[in-house]
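Asker: Turn this into a model:
(chains A and B)
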Amino acid sequence: MSRFPRTDPPPASDEAGMLRAFVDFYRATILRQVEGLTDEQRAATLGPSTLTLAGILKHLTLVEHGWFRMALHDLPDAPWVGDGYESDPDWDFNSAVHDPWELLVSRFEEAVAESDAILDAALATPEGLDLVAEQEWHGMHVTLRWILVHLVEEYARHAGHADLIRESIDGATDL
Amino acid sequence: MAVDRSDPPLAASEAETLRAYLDYHRDTLLMKTDGLTQEQLSRTHPPSELTLGGLLKHAALNDDWWFCRVFGGRDTEPDWVPAGAFDEDDDWELHSAKDDRPEELRRIFDSARAAADAAIDRGLAAGGLDATSSMPSRREGTPFSLRWVVLHMIEEYARHNGHADLLREAVDGQVGE
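Answerer: All right, here's what the predicted structure looks like:
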């Protein structure tokens, strides 16, 4: 049994409701894929790829901050990032293998709660899903609609990585 | 065969955005399987039994299943599935792909994609993304909206592209989004 509840997206819903249901489904999926392992197992790779389950979870924590705090509202990154990226562009992936499980989970859950609060407020504006991000990304401004669909595919793709890595660690599939 | 993939638009309507992301991931799978031999497409990355060729055929079957059959209501298998193929193997498409030449896998994929796109066109014209599926959800007993089906296929493709990322890197070291 997982401590992370997960709900299947409903067969029919309005646009924002459906997008949020798929994003929430994958937020829970990623936690389940990394759950129940030792520190060593969370740091294991399936070569030649250097990805780890711990790294994927920390990366997605910063993806949440990146799109909601930083892109949508031009706020600074989470304070615990510090100068991590100055010496390593893949700091999120590489530093995660030293983080304890409860810290990885609490930071992820805090990021998701903050994202959801920002999302609630954004959806309550007249622009709704057409709301344009304050910060430029590759020289352009994305919409909230783009961010949510992107999050579904970003989470799902990393869940695909996590599927193969987890199977190589303990044989678990379909988490 | 070079693959021409476009980035989804940053500010567009719901239907345009969803279709662009679906196409982005279909093209990503084509990129991940492009330029490989039949033997390379048949390699596994143990302990998983998945192969790049199998993912291509599985994606074609999913495009056909969700858009043409569940949503569109067609009640027959596509012409590239032999009669009784699934009788002895529920994962026939994943396992049989090793016997298909790369061009044949691509032909199957392209034909399923075209049929699925035609079903999406018809659905959008009839009822937009709220259009309902012919077949109901087994769990809920109610029809799927076209919105659900397209989003499901985006996450389905994206997750399999995550598998394809690691498989392709193991085959020849190629990485990238």
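Asker: Smallest gap between chain A and chain B, at which residue?
Answerer: Of all residues in chain A, residue A:160 sits closest to chain B, with a separation of 1.9 Å (C-beta to the nearest C-beta). Yep, even glycine has a C-beta here, placed from its N, CA and C like the rest.
Asker: Near that residue, how many other residues are there?
Answerer: Applying other C-beta atoms under 10 Å in any protein chain shown, we find 24 other residues in the vicinity of residue A:160.
Asker: Tell me if it really is in a helix.
Answerer: Yes: according to DSSP: H, G, I helix; E, B strand; the rest coil, the state of residue A:160 is that of a helix.
Asker: Would you mind confirming that it is in contact with residue B:161?
Answerer: Yes: look at residue A:160 against residue B:161 with C-beta atoms under 8 Å: they come within range, at 6.3 Å.
Asker: circling back: excluding residues flanking it in the chain, which one is nearest the residue of chain A closest to chain B?
Answerer: Take residue A:160 and drop its neighbours on the chain: the residue closest to it by C-beta to C-beta, 6 or more residues apart in numbering or on different chains is residue B:162, 1.9 Å away.
Asker: Let me see the contact set for the closest residue to residue B:92 other than its chain neighbours.
Answerer: Distances taken as C-beta to C-beta, 6+ apart put residue B:85 closest to residue B:92, at 4.6 Å, once the chain neighbours are dropped. If a contact means C-beta atoms under 8 Å, 6 or more residues apart in numbering or on different chains, then residue B:85 has B:77, B:92, B:96 as its contacts.
Asker: do residue A:23 as well
Answerer: For residue A:23, the contacting residues are A:148, A:151-152, A:155, by C-beta under 8 Å, 6+ apart.
Asker: Would you write a ChimeraX line that selects the buried entries of these?
Answerer: A single ChimeraX command selects the buried members of the contacts of residue A:23 (16 or more other C-beta atoms under 10 Å in any protein chain shown):
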select /A:148,151,152,155
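Asker: what's the neighbour count on residue A:172?
Answerer: By the criterion of other C-beta under 10 Å, residue A:172 has 14 neighbours.
Asker: just checking, it touches residue A:163?
Answerer: No: the pair residue A:172 and residue A:163 does not pass the contact test of C-beta under 8 Å, sitting 9.3 Å apart.
Asker: Residue B:149 is in contact with residue B:70, isn't it?
Answerer: Yes: the criterion here is C-beta under 8 Å, and residue B:149 meets it with residue B:70 at 7.0 Å.
Asker: quick one, which of those two is more surrounded?
Answerer: Applying other C-beta under 10 Å to residue B:149 and residue B:70 shows that residue B:149 carries more neighbours, namely 25 against 20.
Asker: In whichever strand or helix holds that one, which residues are buried?
Answerer: The secondary structure element spanning residue B:149 is helix B:146-172 (assigned by DSSP states H and E). For helix B:146-172, the buried set under the neighbour-count rule, 16+ other C-beta under 10 Å, comprises B:146-171.
Asker: most centrally placed residue in chain A?
Answerer: A centroid search over chain A (C-alpha atoms, centre = their mean) returns residue A:60, at 2.9 Å, as the residue closest to the centre.
Asker: Next, work out how far apart that residue and residue A:29 are.
Answerer: Spatial separation of residue A:60 from residue A:29 under the definition C-beta to C-beta, to the nearest Å is 11 Å.
Asker: Next, show the common contact partners of the two.
Answerer: In terms of C-beta under 8 Å, 6+ apart, residue A:60 and residue A:29 are both contacted by the residues residue A:155.
Asker: ok, now which ones touch the closest residue to residue B:43 other than its chain neighbours?
Answerer: Counting by C-beta to C-beta, 6+ apart, the nearest residue to residue B:43 once its immediate chain neighbours are dropped is residue B:171, at 5.8 Å. Taking C-beta under 8 Å, 6+ apart as the definition of contact, the neighbours of residue B:171 are B:36, B:40, B:43, B:52.
Asker: center of chain B - which residue?
Answerer: In chain B, the C-alpha closest to the average C-alpha coordinate belongs to residue B:59, at a distance of 2.6 Å (C-alpha atoms, centre = their mean).
Asker: Could you verify that that residue is part of a helix?
Answerer: Yes: inclusion of residue B:59 in a helix is indicated when three-state DSSP is applied.
Asker: wait, doesn't it sit right on residue B:161?
Answerer: No: in this structure, residue B:59 is not within contact of residue B:161 by C-beta under 8 Å, at 9.3 Å.
Asker: that older thread, ok, so of the contacts of residue B:85, who is nearest chain A?
Answerer: Once C-beta to the nearest C-beta is applied, the member of those that ends up nearest chain A is residue B:92, at 18.9 Å.
Asker: Which pLDDT value goes with the closest one?
Answerer: Turning to residue B:92, the model gives it a pLDDT of 98.
Asker: Same question for residue B:1.
Answerer: If you check residue B:1, the pLDDT there is 64.
Asker: Distance from stretch A:159-173 to the middle of the chain?
Answerer: 17 Å (C-alpha atoms, centre = their mean, to the nearest Å).
Asker: which residues touch it?
Answerer: Defining contact as C-beta under 8 Å, 6+ apart, one finds that stretch A:159-173 is touched by A:26, A:29-30, A:33-34, A:37, A:41, A:44-46, A:49, A:51-53, A:56, A:175, B:45-48, B:50, B:158-166.
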